[in-house]
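Q: fold the following for me, if possible:
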Amino acid sequence: MRQIVTGSIATDHLMVFPGRFTEQLVQGKLDKVSLSFLVDELEIHRGGIAANVAFGLARLGLRPILVGSVGADFAGYRAWLEAHDVDTRHVRVSGSLHTARFLCTTDADNNQIASFYAGAMNEARHIDLAAILRSERDADVVLICPDDPDAMLRHTQACRDCAVPFAADPSQQIARMDGTDLRRLVDGARYLFTNEYERALLIRKTGWDTGQLLRRVGAWVTTTGPDGAVVESATQPAVSVPAAALRQAVDPTGAGDAFRAGFLAGIAHGLGHQGAARLGCTMAALVMETSGTQEYQFQPEEFLARISGSYGSGAAAEMAARIGLTLPA
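A: As a prediction, the model looks like this:
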């Protein structure tokens, strides 16, 4: 079975501010903020939420299909993804706009201030996902990542029309979309992904409380930063999984994307909610220890050793058997 990942494909411009954003804010003057942060570092990496998730799925032995809209400057990025087992046949190339850009500054407390230039992503609404689903009949699930909001809604409806399960990951677009559209986006999702802040904002904007949302999705996966993740459903007890052991914190950008890749790969391999969340947390740790969202090294034996160290040898043995990796000697 295949996973289809829809959403943003972008170039990340990642900067590091050695101080703290909060120390630059003046009480009583927040209605007229005018700040410039002198950063120490600038790194440019391949990114975009959908591309990051697809890359992570491929690292875990799957062959995901990436669907999104890019500019003519995508050729080198396409070659990178294809070389790492991501299927890019259904990526749409704009005739006039550049591939999206994500600009993010991280401070000493891992707080982030970011801007996103959508560029060619604005044309994602022209992608006919229903036609793609008809041509890719082995699709097991479609992940709807942040994208042009109209595209997200069209993709969700295409999944319903084609009776293909979908997972909703509205994240950054929760702030932009209104309650009516958010309800359309998440209703009926097999999986709903948010972090803690997005969870609270989604509840407020949809007008649905936790119980109502749980009755409308198969499972709600909430990442909780250093505390790990919680998986809830209306029919089963909640599953809480602690974060994987972190060797060093370099950059949190893309950790949530890696978690989603690990979780969906775990589900695809039959690990269940707890095993999938553990796999997701371990993938997130790899990204947090690396600058760049697709620059981490995935070594199967070392990866399983990390799972064993964080969750026990039994968890590592189950993942090895399910995913087809070799346990370290």
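Q: mind listing what the closest residue in space to residue 309 that isn't next to it in sequence touches?
A: Here the nearest residue to residue 309 in space, its sequence neighbours aside, is residue 245; by Cβ to Cβ, 6 or more residues apart in numbering that works out to 5.8 Å. Where C-beta positions appear, they are placed from N, C-alpha and C, glycine not excepted. Neighbouring residues of residue 245 by Cβ atoms under 8 Å, 6 or more residues apart in numbering: 285, 306, 309-310.
Q: which pLDDT value goes with residue 245?
A: Residue 245 carries a pLDDT score of 93 in this model.
Q: residue 326 too?
A: Confidence for residue 326, expressed as pLDDT, is 61.
Q: spell out the residue ranges of the helices in the stretch 101-250 of the chain.
A: Assigned helices in the stretch 101-250 of the chain, in chain order: 129-135, 149-162, 179-186, 196-206, 210-216 (criterion: DSSP state H, counting those that start in this stretch).
Q: gap between the residue nearest to residue 309 and residue 141?
A: Per Cβ to Cβ, to the nearest Å, residue 245 is found 29 Å from residue 141.
Q: and for residue 131, the neighbour number?
A: By other Cβ atoms under 10 Å, 12 other residues sit near residue 131.
Q: just residue 132 next, same as before
A: Residue 132 has 20 nearby residues by other Cβ under 10 Å.
Q: partner residues bridging the residue nearest to residue 167 when sequence neighbours are not counted?
A: For residue 167, ignoring the flanking residues on the chain, the nearest one in space by Cβ to Cβ, 6+ apart is residue 191 at 3.9 Å. Residue 191 has these beta-bridge partners by DSSP bridges: residue 167, residue 219.
Q: show me which positions of stretch 9-27 end up buried.
A: 9-17, 21 (16 or more other Cβ atoms under 10 Å).
Q: ok, stretch 79-97 next?
A: 81, 86-88, 90-94, 97.
Q: redo these as JSON lines? Include secondary structure and distance to residue 265.
A: Below are those laid out as JSON lines (DSSP: H, G, I helix; E, B strand; the rest coil; distance: Cβ to Cβ, whole Å):
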{"residue": "81", "secondary structure": "helix", "distance to residue 265": "17"}
{"residue": "86", "secondary structure": "coil", "distance to residue 265": "13"}
{"residue": "87", "secondary structure": "strand", "distance to residue 265": "15"}
{"residue": "88", "secondary structure": "coil", "distance to residue 265": "19"}
{"residue": "90", "secondary structure": "coil", "distance to residue 265": "20"}
{"residue": "91", "secondary structure": "coil", "distance to residue 265": "21"}
{"residue": "92", "secondary structure": "strand", "distance to residue 265": "25"}
{"residue": "93", "secondary structure": "strand", "distance to residue 265": "28"}
{"residue": "94", "secondary structure": "coil", "distance to residue 265": "30"}
{"residue": "97", "secondary structure": "coil", "distance to residue 265": "32"}
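Q: quick check, nearest of these to residue 277?
A: residue 86 (23.2 Å; Cβ to Cβ).
Q: OK, contacts around that closest one?
A: The contact partners of residue 86, taken as Cβ under 8 Å, 6+ apart, are 51, 54-55, 57-58, 63-64, 66.
Q: so among these, which ones count as buried?
A: For the contacts of residue 86, buried by 16+ other Cβ under 10 Å: 51, 54-55, 57-58, 64, 66.
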